[in-house]
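In: predicted coordinates and the sequence they were generated for:
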Amino acid sequence: MGIEEIGCCGAYCGTCKEFISNLCKGCKIGYSNGERDINRAKCKIKVCCIKKGFASCADCNDLETCEIINDFYNKKSYKYKKYHQAIQFIVENGYEEFLKISDTWKNAHGKYPKKQSS
């Protein structure tokens, strides 16, 4: 699995049964090769991220002040907080470290290693 399986918002598609069985293309698959048209996408997060050429919102300098992504993260559900945690982890540790952890998950989000104290 790779960066393409990380949703713009931080959801991880690589462990999703629908994605694995090709019933869902996830957030980003098909846009770079023209198979899908970003102008027809309904998700504002995806449209913004892909049009800016980002792998995820973790790449955006406006992450902390962006209304689009922060309105999404402020929804009242556990998963939105976990997606935000994923993006923060990517910002701090990079995509490679995120993929090492996320491939062990059973869902679109999961646990992170405890930070080592100095």
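Out: Cool, the structure landed.
In: need the helices for the chain, in chain order.
Out: With helices called from DSSP state H, the chain shows them at 17-20, 44-51, 67-73, 78-93, 95-102.
In: now the angle from the longest one to helix 95-102?
Out: Read it as helix 78-93. Per axes from the mean of the first three to the mean of the last three Cα atoms, to 10 degrees, the angle that helix 78-93 makes with helix 95-102 is 140 degrees.
In: show me the contact partners of helix 78-93.
Out: Helix 78-93 is contacted by residues 6-7, 9-12, 56-58, 63, 69, 72-74, 97-98, 101-102, 108-110, 112 when judged by Cβ atoms under 8 Å, 6 or more residues apart in numbering. Using the backbone N, CA and C atoms, a C-beta is placed for each residue, glycine as well.
In: one more: the last one?
Out: Helix 95-102 is contacted from outside by 1-3, 6, 12, 14-15, 55, 58, 86, 89-90, 110-113, using Cβ under 8 Å, 6+ apart.
In: just the buried subset of these, please.
Out: For these, a burial check counting by 16 or more other Cβ atoms under 10 Å picks out 6, 12, 14-15, 55, 58, 86, 89-90, 110, 112.
In: TSV for the residues you listed, including pLDDT and distance to residue 28?
Out: Shown next, in TSV, are the buried ones among the contacts of helix 95-102 (pLDDT from 0 to 100; distance: Cβ to Cβ, whole Å):
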residue	pLDDT	distance to residue 28
6	93	8
12	91	12
14	87	12
15	87	16
55	95	8
58	97	13
86	95	15
89	95	18
90	96	14
110	88	20
112	84	22
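In: I appreciate the help and will end here.
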